[in-house]
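1. Sequence first, predicted coordinates after that:
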Amino acid sequence: MSDLPVPEIDVVIATCRWLGEEGLLLDKCSVAVGQGIDALAHRERLIKKLPDFGLLRPAFENHGPDLVALSETHRWYIECKGAGSGTPQTQRNNFDRAVASVVSYFTDDGVTLGLAVPATRLYRRFIRTRVPPALRKRLNMWLLLYDPITRQIEDIAPGQGFH
């Protein structure tokens, strides 16, 4: 498990691969912007990878969930977050903002939520202490843990335990 910084775009790309493998359709995408982020380059990098995952180019938006995907029966809202090199407090604040964002997408109409984050030691601890299983089950929230070494997503269903 690496604790090196992980850019959010790496998590987004791996999550898109996972969506394709699960047979979901990517509907919308919001690429992170901000200081030190080349959003245009990240967007182009993502667009180039999508055909490899069997996904078509989505609509790009500047707000809302990072990824919106569709299955035959419901809509997925997924919030992605990278891991920085800041203090544990800064990383906890970033993690808390990601959780708050994904929770804000909750509706009663069958939406599936996803929180996609790097599987760093800190983020795994934050999941254990700040995202209890009862909350994940009630909100139908999947955990999508990105391994920066393998570049794969480990999916953890809402009712599945987390260690």
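-> Sure, I can see it.
2. Got the phi and psi for the residue lying farthest from the centre of the chain?
-> Distance from the C-alpha centroid of the chain, by Cα atoms, centre = their mean, peaks at Thr87 (21.4 Å). Note on Thr87: backbone dihedrals following degrees, to the nearest 10 are phi -60, psi 160.
3. what's the spacing between it and Leu122?
-> 10 Å (Cβ to Cβ, to the nearest Å). (C-beta placed from N, C-alpha, C; glycine too.)
4. next one: Gln89
-> Taken as Cβ to Cβ, the span from Gln89 to Leu122 is 10 Å.
5. These two - which one has more neighbours?
-> With neighbours defined as other Cβ atoms under 10 Å, Gln89 and Leu122 compare such that Leu122 has more, 16 against 8.
6. any idea which element that one lies in?
-> Using DSSP states H and E, Leu122 maps to helix 121-130.
7. and the next element down the chain from the longest helix along the chain?
-> For the chain, the longest helix by residue count, based on DSSP state H, is helix 88-104. With elements assigned by DSSP H and E, the helix or strand that comes after helix 88-104 is strand 112-118.
8. Does that next one pack against any helices or strands, and if so which?
-> helix 8-21, strand 75-80, helix 88-104, strand 141-147 (3 or more Cβ pairs under 8 Å, 6 or more residues apart in numbering; DSSP states H and E).
9. in the helix or strand following the last one, what counts as buried?
-> Where DSSP H and E defines the elements, the next helix or strand beyond strand 141-147 is strand 152-156. Buried residues in strand 152-156, defined by neighbour count with 16 or more other Cβ atoms under 10 Å: Ile153, Asp155, Ile156.
10. Are we agreed that Val68 is in a strand?
-> Yes - under DSSP: H, G, I helix; E, B strand; the rest coil, Val68 sits within a strand.
11. how close does it get to Gln89?
-> Using Cβ to Cβ, we find Val68 at a distance of 31 Å from Gln89.
12. how many neighbours does the residue nearest to Arg17 when sequence neighbours are not counted have?
-> Distance criterion Cβ to Cβ, 6 or more residues apart in numbering; nearest residue to Arg17, sequence neighbours excluded, is Phe53 at 4.8 Å. By other Cβ under 10 Å, the residues close to Phe53 number 16.
13. Distance of Phe53 relative to Arg45?
-> 13 Å.
14. again, but for Ser30
-> Here the criterion is Cβ to Cβ. By it, Ser30 lies 15 Å from Arg45.
15. Between the two, which is the more surrounded one?
-> When Ser30 is set against Arg45 and neighbours are counted by other Cβ under 10 Å, the residue ahead is Ser30, at 21 against 15.
16. This completes my enquiry, with thanks.
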